[in-house]
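Engineer: Dropping a prediction and its sequence here:
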Amino acid sequence: MEIKRDILWRVYLCFLLVVLVCIVIVGKAFYIQQVQGDYWESMSDSLHQKIQEIAADRGTIYSDNGQMLSTSIPQFDIYIDFEADGLREKNGKRFTENLDSLSYGLASLFKDRTASVYKELLKEGYRKGNRYFSLKKGISYRNYQKMLQLPLIREGRNKSGFIAETQNIRLNPYQILAYRTIGLNRSNSQKVGLEGTYDSVLKGTPGKRLVRFIAGGVAVPVDESADIDPENGKDIITTIDTHIQEIAENALMKMMVSNEATHGCAIVLEVKTGKIKAIANLGRTPEGNYWENFNYAVTPTEPGSIFKLATMLALLEDKKTSLDAPIDLHGGHWAINGRVVNDAENHGNVANVKEAFEVSSNVGMAELVYNAYKNNPMQFVNHLKKIGLGSLTGVDITGERHPFLYTPQSKLWSATTLPWMAFGYNTLISPLGIAMLYNAVANNGVMMKPYLVSGFAKEGQVIKQIEPTTLRTIADSAVIKQLQSLVYGVCNEKHGTGYTLLKDLPFQLCGKTGTALVAEGKNGYSSKIYQSAFAGYFPADDPQYTCVVEIVNKPHAARYYGAAVAGPVFKEIAERLYTLYVRRNNPNHYEGLDSLKKVAGGYSFNGKRSSFQTIAGTLGWKYQFASKDQDATWARFYTNDQSENYMAPLGTIQDGFQKGLKGNKMPDLSGLGLKDALYICEGLGLKVDVQGFGRVSAQSLAAGASVERGQAIQLSLGDTPKQG
């Protein structure tokens, strides 16, 4: 009995303990649920809810002529809340009635699944009651607008359950055009260019919203009414003109490709303001292509002979020489302190300092500087610093590297440093720094700060305008006039290094050629890598644009002189900008640019009859036919002394213009515009070489001569008067 009683006592005790534990558990659960319920619910929300940033729309970067250089394009991620009240009401009647048509519409729009697959996908999501079902990601704005018109979706978010989240991607519509200057907006790496410099302005202020994270880490908005809307970024208006940028980029690209150059840049400044109208940077990729991969325009290099303008500025300002002072060029070779300064050729007939500059004599510049400053070299260096060549340009873009000028205190200073500085070695100056110097000379001595951003806008309204900034006056007016005569002589005197290249232009410009041997790391100068350069401004009598071109050639390149490599790029840019300048700003400054020729008190123009009829009809001009032949393809449109308009068939001295085109006879192209002349010559199978501007004034194949396909013809364009 005792044993049985003892066992029962223990059983009862264990039962009692179990009951007590159960009571405690139930009590604790009741306490947690009823007393601490709000606390633990808020704790749960804090673990699954989060304040999330709403990105602001990034501002757009515009060109000076209103083109978008960089902008944000929206893309949409589409989700469905299958527990939406409107979708579930009346046992899902709305969903069921629209399922087939919606599936067909999605299949037709996106063309990635069949209608039956979309139908099964939607049915499965509805069956599971997915609150944030991912339907499609990365939809373009155009497709998003079309999707909003599909059945069910067009009834709105509350009834359809469709949710769209916007993601912005950055797009450069012009791609390579000024790509490095505009920059990149990259979330996972450093921003560069204007995108990086003005990031705080462009990105705006992000908003905030409360989201709850559900299965799969998807964030679902909790209460949209409590969202804080973002403040969108401001737009940037740059000084870059897309037309000028394209001209500079294309001209540079052609020479880079033809000479297989390593890298190069071309800069165009507006003389009176310092606005950077174009800044092209091209580097050769490992695949042999060219891309805007680095901002060479703000990277200092040894400038070579284009630096000689600064040398002459110092000499003239310090009254160390004069332009008509005689100079001995020593046959093109001058020994100084154990080294020899060499000229590219022997300039034995050069008589004075001005001519020494115009033929780009290294010997002349080195001799002048050494004799003037050998006892006080710091005077020369200080003069370079005074005009800003030892300082950053201050251009409003990150990444500019500091220039470098040797000083007597430097460990690298030697007995030959000073004479070599005179012709552009032992100094490191960026192409933009050189452009500032030449621009100041063009601007009568006033140096302007170069800049890329001219204003900020918001919602289409300009909120801040950035005005041009004057930095300094680099020399007195007398010295500036002498410097202007020097760069004029380089391009317009027969012995000047730029004369042969530029002599056929219908306007005059000023500039300086430059060729510098470039050091390549440990190899030094042994690789024979040359930098070709041309710096100048135009037109000579009323400077509007300053342009600097620098190209680093491949090792042992066949062409490397500044006039042969950088010069043609400068010339092409100048030719095309000159036409733009005249046409835009002062169309009456030069007579004859519109291809109309004044004849006997009236005007005459040769071309297509249909073109004249279109123009006359558009402008309401009345005219008479001067011949019974009113169907001729080519005609002459002219006025007589009484200002009456006439149209007559275009004839030649032999077989007649119209007949010449039908056979193998060369017609007379005199008076035709280039477009029409090319059309005719290419129709005859001729290879055309063109020189000059305006209308055809001469042709190498005489009118009436027999021609064959593949034959070459040279057309000279004239009627564009020289400056006066």
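Structural biologist: Alright, I've got the coordinates.

Engineer: going forward, measure contacts between C-alpha atoms and count neighbours the same way
Structural biologist: Fine.

Engineer: Look up the pLDDT of the residue most central in space within the chain for me, please.
Structural biologist: Centroid-nearest residue in the chain: Ala178, 1.9 Å away (criterion: CA atoms, centre = their mean). On pLDDT, Ala178 comes in at 83.

Engineer: List the contacts of it.
Structural biologist: 245, 278-281, 292 (CA atoms under 8 Å, 6 or more residues apart in numbering).

Engineer: does Thr238 have beta-bridge partners, and which?
Structural biologist: Taking DSSP bridges as the rule, Thr238 bridges to Val453.

Engineer: okay, now it: neighbour count?
Structural biologist: 25 (other CA atoms under 10 Å).

Engineer: Show the pLDDT at it.
Structural biologist: 95.

Engineer: about what we covered before: next up, phi/psi of the residue nearest to the centre of the chain, please.
Structural biologist: phi 50, psi 30 (degrees, to the nearest 10).

Engineer: Relative to Leu501, how far out is it?
Structural biologist: Per CA to CA, to the nearest Å, Ala178 is found 28 Å from Leu501.

Engineer: Likewise for Asp235?
Structural biologist: In terms of CA to CA, Asp235 sits 42 Å off from Leu501.

Engineer: More neighbours: these two, which one.
Structural biologist: Of the pair Asp235 and Leu501, Asp235 is the one with more neighbours under other CA under 10 Å, namely 26 against 16.

Engineer: what's the domain layout of the chain?
Structural biologist: What automatic domain parsing lists as the domains of the chain is 52-238, 243-585, 597-718.

Engineer: Can you verify Ile276 is assigned to a helix?
Structural biologist: No: counting by DSSP: H, G, I helix; E, B strand; the rest coil, Ile276 falls outside a helix, being strand.

Engineer: which residue ranges form the strands in the stretch 51-200 of the chain?
Structural biologist: Counting by DSSP state E, counting those that start in this stretch, the stretch 51-200 of the chain has strands at residues 61-62, 68-80, 133-140, 162-171.

Engineer: Just confirm Val341 contacts Ser361, I think it does.
Structural biologist: No: Val341 is beyond contact range of Ser361, at 9.7 Å (criterion: CA atoms under 8 Å).

Engineer: intersection of neighbour lists for those two?
Structural biologist: With CA under 8 Å, 6+ apart as the test, Val341 and Ser361 both reach Gly332.

Engineer: Between these two, tell me which one has more neighbours.
Structural biologist: Using other CA under 10 Å, the more surrounded residue of Val341 and Ser361 is Ser361, with 25 against 20.

Engineer: tell me the contacts of the more buried one?
Structural biologist: Counting by CA under 8 Å, 6+ apart, Ser361 has contacts 329, 332, 343-344, 347.

Engineer: From the contacts of Ala178, list the buried ones, please.
Structural biologist: Buried members of the contacts of Ala178, counted by 16 or more other CA atoms under 10 Å: 245, 278-281, 292.

Engineer: could you point out where the stretch 251-400 of the chain is predicted with low confidence?
Structural biologist: Along the stretch 251-400 of the chain, the model assigns pLDDT under 70 to no residue.

Engineer: Mind doing that once more with 80?
Structural biologist: 349-350 (pLDDT under 80).

Engineer: Tell me which stretches of it form strands.
Structural biologist: Using DSSP E, counting those that start in this stretch, strands in the stretch 251-400 of the chain cover 263-270, 276-284, 290-291, 333-336, 339-342.

Engineer: Indicate which one of those strands is closest to Leu715.
Structural biologist: Taking CA to CA, strand 263-270 is the member of these nearest to Leu715, at 29.7 Å.

Engineer: List the neighbouring strands of that closest one plus their orientation.
Structural biologist: strand 276-284 (antiparallel), strand 545-552 (antiparallel).

Engineer: chain center to the first one: distance?
Structural biologist: Mean C-alpha position of strand 276-284 versus that of the full chain (CA atoms, centre = their mean, to the nearest Å) differs by 7 Å.

Engineer: The domains of the chain: which one's closest to Leu13?
Structural biologist: domain 52-238 (46.9 Å).

Engineer: starting at the chain centroid, how far to the closest one?
Structural biologist: With CA atoms, centre = their mean, you get 30 Å for domain 52-238.

Engineer: buried sites along the helix or strand hosting Thr614?
Structural biologist: Using DSSP states H and E, Thr614 maps to helix 609-619. Across helix 609-619, burial judged by 16+ other CA under 10 Å covers 609, 612-613.

Engineer: and if you look at stretch 315-335?
Structural biologist: Neighbour counts over stretch 315-335 (16+ other CA under 10 Å) mark 315-317, 321-323, 327-329, 332-334 as buried.

Engineer: Now the terminal residues of that stretch, how far apart.
Structural biologist: Terminal-residue distance, stretch 315-335 (CA to CA): 21 Å.

Engineer: what's next to that stretch, contact-wise?
Structural biologist: Outside stretch 315-335, the residues that touch it by CA under 8 Å, 6+ apart are 340-348, 350-354, 356, 361, 363-364, 368-369, 372, 475-476, 479, 482.

Engineer: what sits against Leu389?
Structural biologist: So Leu389 contacts 403, 429, 433-434 (CA under 8 Å, 6+ apart).

Engineer: Repeat that for Lys136.
Structural biologist: Per CA under 8 Å, 6+ apart, neighbours of Lys136: 77-79.

Engineer: so which of those would you say is closest to Phe625?
Structural biologist: Asp77 (65.8 Å).

Engineer: The closest one - nearest residue in space that isn't next to it in sequence?
Structural biologist: Lys137 (4.1 Å; CA to CA, 6 or more residues apart in numbering).

Engineer: The one you found - how many residues pack around it?
Structural biologist: A count of nearby residues for Lys137, using other CA under 10 Å, gives 15.

Engineer: Repeat that for the one 10 residues further on.
Structural biologist: Using other CA under 10 Å as the criterion, Met147 is surrounded by 18 other residues.

Engineer: Would you confirm that it contacts Leu109?
Structural biologist: Yes: using CA under 8 Å, Met147 is in contact with Leu109, at 7.5 Å.

Engineer: Beta-bridge partners for the residue nearest to Arg157 when sequence neighbours are not counted, please?
Structural biologist: Nearest residue to Arg157 in three dimensions, chain neighbours excluded: Ile163, at 6.5 Å (CA to CA, 6+ apart). Judged by DSSP bridges, the bridge partners of Ile163 are Tyr79.

Engineer: which residues touch the helix or strand where Tyr679 lies?
Structural biologist: Using DSSP H and E, Tyr679 sits within helix 674-683. Residues outside helix 674-683 that contact it (CA under 8 Å, 6+ apart) are 607-608, 661, 669, 687-688, 694-696, 717.

Engineer: can you tell me which of these are in strands?
Structural biologist: Of those, the ones assigned to strands by DSSP state E are 607-608, 687-688, 695-696, 717.

Engineer: still on that earlier bit, of all the strands paired with strand 263-270, which one comes closest to Asn492?
Structural biologist: Closest among the strands paired with strand 263-270, using CA to CA: strand 545-552, at 17.1 Å.

Engineer: and the next helix or strand along the chain from the closest one, C-alpha only, in PDB?
Structural biologist: For strand 545-552, the following helix or strand on the C-terminal side (DSSP H and E) is helix 562-585. The C-alpha trace of helix 562-585 is given here as PDB (Å, rounded to 0.1, in the frame of the first residue of the first chain):
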ATOM      1  CA  GLY A 562      51.500  70.800 -86.900                       C
ATOM      2  CA  ALA A 563      50.500  72.300 -90.300                       C
ATOM      3  CA  ALA A 564      50.100  68.800 -91.800                       C
ATOM      4  CA  VAL A 565      48.100  67.100 -89.000                       C
ATOM      5  CA  ALA A 566      46.400  69.600 -86.700                       C
ATOM      6  CA  GLY A 567      46.300  72.400 -89.300                       C
ATOM      7  CA  PRO A 568      43.700  70.700 -91.600                       C
ATOM      8  CA  VAL A 569      41.400  70.100 -88.600                       C
ATOM      9  CA  PHE A 570      41.700  73.700 -87.700                       C
ATOM     10  CA  LYS A 571      41.100  74.700 -91.300                       C
ATOM     11  CA  GLU A 572      37.900  72.600 -91.600                       C
ATOM     12  CA  ILE A 573      36.500  73.900 -88.400                       C
ATOM     13  CA  ALA A 574      37.300  77.500 -89.400                       C
ATOM     14  CA  GLU A 575      35.800  77.100 -92.900                       C
ATOM     15  CA  ARG A 576      32.500  75.800 -91.600                       C
ATOM     16  CA  LEU A 577      32.200  78.100 -88.600                       C
ATOM     17  CA  TYR A 578      33.000  81.100 -90.800                       C
ATOM     18  CA  THR A 579      30.000  80.200 -93.000                       C
ATOM     19  CA  LEU A 580      27.800  79.800 -89.900                       C
ATOM     20  CA  TYR A 581      29.000  83.100 -88.400                       C
ATOM     21  CA  VAL A 582      28.400  85.100 -91.500                       C
ATOM     22  CA  ARG A 583      25.000  83.600 -92.200                       C
ATOM     23  CA  ARG A 584      23.800  83.900 -88.600                       C
ATOM     24  CA  ASN A 585      25.300  87.100 -87.300                       C
END
